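Engineer: I would like the atomic coordinates for the input below:
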Amino acid sequence: MIADPDVEGLLPEFRIVRCCGTQSQSLQAGLSQVRDNAAMIVLGDMPNIDADIIRKIAAAPGPAALWDGTRICPPASIPRALFTRIFSLTGDVGARDLLRSLPDLNRVQVPSHLLKDIDHRRDLDEDLSS
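Structural biologist: This is a model prediction of the structure:
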């Protein structure tokens, strides 16, 4: 999923799905294109997430997401069996509450600072200075 067409040219090896709707619509548009048995949801505004963290999520059996002891956050691995439940979401919500409700969710623990997301330039400046 990409909302900014300028980013598309930077990712020639990816199949790009465009959506500028709500968070649930964006997630659903992306999942509608998945042909595999699971999807990895990774957000582009979390600069502290590296390949090792994504590998840990991918290696976990079943549904998996990052956890700092309090919050469930992407990246998350979502098996196809959960897609139907995600397609019922509406509004500006993602899969967090659904994942949190799963007794079999594999919680990959990380320090809280790794879950920082960057929505504005000032967020990046704060992250770089800490």
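
Engineer: which outside residues touch the helix or strand in which residue 56 is found?
Structural biologist: For residue 56, the element it lies in under DSSP states H and E is helix 51-59. Around helix 51-59, the neighbours that count as contacts under Cβ atoms under 8 Å, 6 or more residues apart in numbering are 40, 42, 64, 65, 66, 75, 76, 77, 108, 110, 114. Placement of C-beta: from N, CA and C, glycine included.

Engineer: recalculate using a threshold of 6 Å.
Structural biologist: 64, 75, 77, 108 (Cβ atoms under 6 Å, 6 or more residues apart in numbering).

Engineer: hey, C-alpha coordinates of the strand ranked longest in the chain in PDB?
Structural biologist: Longest strand in the chain, counting residues (DSSP state E): strand 72-79. Extracted in PDB, the C-alpha atoms of strand 72-79 (Å, rounded to 0.1, in the frame of the first residue of the first chain):
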ATOM      1  CA  ILE A  72       0.700  -4.500  20.100                       C
ATOM      2  CA  CYS A  73       2.200  -2.900  17.000                       C
ATOM      3  CA  PRO A  74       3.200  -3.700  13.500                       C
ATOM      4  CA  PRO A  75       5.000  -5.300  11.800                       C
ATOM      5  CA  ALA A  76       2.500  -8.100  12.100                       C
ATOM      6  CA  SER A  77       2.100 -11.400  10.300                       C
ATOM      7  CA  ILE A  78      -1.600 -12.100   9.600                       C
ATOM      8  CA  PRO A  79      -2.700 -15.500   8.400                       C
END
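
Engineer: many thanks, I have nothing further to ask.
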